[in-house]
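A.B. asks: After the sequence you'll find the predicted model.
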Amino acid sequence: MKKGKKICCAVSLAVGMAMLLAALTLGYRQTAYAATIDNDPAGGNAAEQIPGQEGQTPGDTQNPDGNQGDGTGPDGPEGPQGTMGPNGPEGTQGGGSGFYVGYNNENGEVSGTIKILLALTVISLAPSILIMLTSFTRIIIVLHFVRNAIGTQTAPPNQVLVGLALFLTLFIMYPVFGQINEEAIKPLDAGEITQEEAFTAAMQPIRNFMYPEIHEDDVVLMCDIAGLEAPENLEEMDELPMRVIIPSFILSELRAAFIIGFFIYIPFIVIDMVVASVLMSMGMMMLSPTTISLPFKILLFVLADGWNLVIGNLVRTFL
């Protein structure tokens, strides 16, 4: 199992590095092509550069009599000026190779390479975002409490629990994601709002989802650590930064998950105590009570329709 996880991590890392190298290569080729077009607006091919003459255009080459050309043809107007050399104050390096980064793509927009890098960054941080800003934390902890309370170590396996928690999270967060799509993503795609306005519009539905789940003590704790004044009611929480809201939400989720886990443990502990008492009264002290009580706990969970009760009430805590 551990070997398989290591292989998956190595493959994911290799794919990520390959995508990063492809993005950088694509961005460099686009920059080099743009520089070639700027240097040759008439569409002609750039002349081959002779060592020692980097940064010169065909008009800057030497004349047959050994004198330096002035960039003009025999009868025509001045030709295009050569690009600056490696030490020039402006322009690209003449004839040299390297990595060129332009601010805002020189036209007020984010370049394609930067967009790819930002997309890869968001993808790499997606698991953390899923845990911090959604109901995933409470769901996965409660499901682990259920498995440990029953006593089955690997049933259901971790992959099943994580998959169930993921789809329950999507089910709970579907209205929030729909609101983000309508208020932030679609207007940004249509060019009606800027990226900063889209980010602010996308965070507001997430804030509205987190506010009812945050415990007052957790907000006071994080505000005290951050040196901020704690809000007196829910309406004033809009003034708090996300660096206070997110930790408060995570602490509240942990608190709620452990409270639910406590109530889940109670009936199974009663079964363990009854089985242990019966075994001691029969003189079977060497027999593990856990081994005997496991079938009874599974039977109780099935007869009580445990999955329906746990999942149903867990989802209703967010609605």
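C.D. replies: Perfect, I can see it now.
A.B. asks: list the contacts for residue 182?
C.D. replies: By Cβ atoms under 8 Å, 6 or more residues apart in numbering, no residues touch residue 182. Where you see a C-beta, it was placed from the backbone N, CA and C, and this is true even at glycine.
A.B. asks: Same question for residue 214.
C.D. replies: Applying Cβ under 8 Å, 6+ apart, the residues near residue 214 are 237, 245, 248-249, 252.
A.B. asks: so which helix or strand takes in residue 309?
C.D. replies: For residue 309, the host element (DSSP states H and E) is helix 306-316.
A.B. asks: Not counting its neighbours along the chain, what's nearest residue 265?
C.D. replies: residue 149 (4.8 Å; Cβ to Cβ, 6 or more residues apart in numbering).
A.B. asks: okay, the angle between the lengthiest helix in the chain and helix 306-316?
C.D. replies: When the chain is scanned for its longest helix (criterion: DSSP state H), the result is helix 242-281. Counting by axes from the mean of the first three to the mean of the last three Cα atoms, to 10 degrees, helix 242-281 lies at 160 degrees to helix 306-316.
A.B. asks: right, and the helix or strand after helix 242-281?
C.D. replies: Where DSSP H and E defines the elements, the next helix or strand beyond helix 242-281 is helix 289-303.
A.B. asks: quick one: contacts of that next one?
C.D. replies: Residues from elsewhere that reach helix 289-303, judged by Cβ under 8 Å, 6+ apart: 149-152, 267-268, 271-272, 274-276, 279, 306-307.
A.B. asks: in that helix, what counts as buried?
C.D. replies: Buried residues in helix 289-303, counted by 16 or more other Cβ atoms under 10 Å: 289, 292-294, 297, 300-301.
A.B. asks: Just give the number of residues close to residue 287.
C.D. replies: 14 (other Cβ atoms under 10 Å).
A.B. asks: pretty sure it contacts residue 278?
C.D. replies: No. Using Cβ atoms under 8 Å, residue 287 is not in contact with residue 278; the gap is 10.5 Å.
A.B. asks: what sits against residue 250?
C.D. replies: 131-132, 137.
A.B. asks: List the ones among the residues you listed that fall in strands.
C.D. replies: Using DSSP state E, no member of these sits in strands.
A.B. asks: the helices in the stretch 101-250 of the chain, which residues?
C.D. replies: Counting by DSSP state H, counting those that start in this stretch, the stretch 101-250 of the chain has helices at residues 112-133, 136-150, 158-180, 186-189, 195-210, 216-226, 242-281.
A.B. asks: Look at residue 243 and report its pLDDT.
C.D. replies: Note for residue 243: predicted pLDDT of 87.
A.B. asks: Also residue 70?
C.D. replies: For residue 70, the model assigns a pLDDT of 48.
A.B. asks: Ok, residue 316 next?
C.D. replies: Model confidence at residue 316 (pLDDT) stands at 90.
A.B. asks: same question, residue 205
C.D. replies: 89.
A.B. asks: quick one: contacts for it?
C.D. replies: Contacts of residue 205 (Cβ under 8 Å, 6+ apart): 176, 179-180, 183.
A.B. asks: for those, which one is nearest residue 112?
C.D. replies: residue 180 (24.3 Å; Cβ to Cβ).
A.B. asks: now the closest one, nearest residue through space, not along the chain?
C.D. replies: Going by Cβ to Cβ, 6+ apart, residue 180 has residue 202 as its nearest residue, at 4.8 Å.
A.B. asks: likewise residue 171?
C.D. replies: Per Cβ to Cβ, 6+ apart, closest to residue 171 is residue 315, 7.2 Å.
A.B. asks: I figured the one you found was touching residue 172, is that so?
C.D. replies: Yes. Counting by Cβ under 8 Å, residue 315 touches residue 172, with 6.3 Å between them.
A.B. asks: Tell me which of these two has more neighbours.
C.D. replies: residue 172 (20 against 14).
A.B. asks: looking at it, the more buried one is touching residue 317, isn't it?
C.D. replies: No. In this structure, residue 172 is not within contact of residue 317 by Cβ under 8 Å, at 9.5 Å.
A.B. asks: okay, the helices of the stretch 101-250 of the chain in TSV with distance to residue 233 next?
C.D. replies: Converted to TSV, the helices of the stretch 101-250 of the chain look like this (distance: least, Cβ to Cβ, whole Å):
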stretch	distance to residue 233
helix 112-133	22
helix 136-150	24
helix 158-180	22
helix 186-189	30
helix 195-210	15
helix 216-226	10
helix 242-281	15
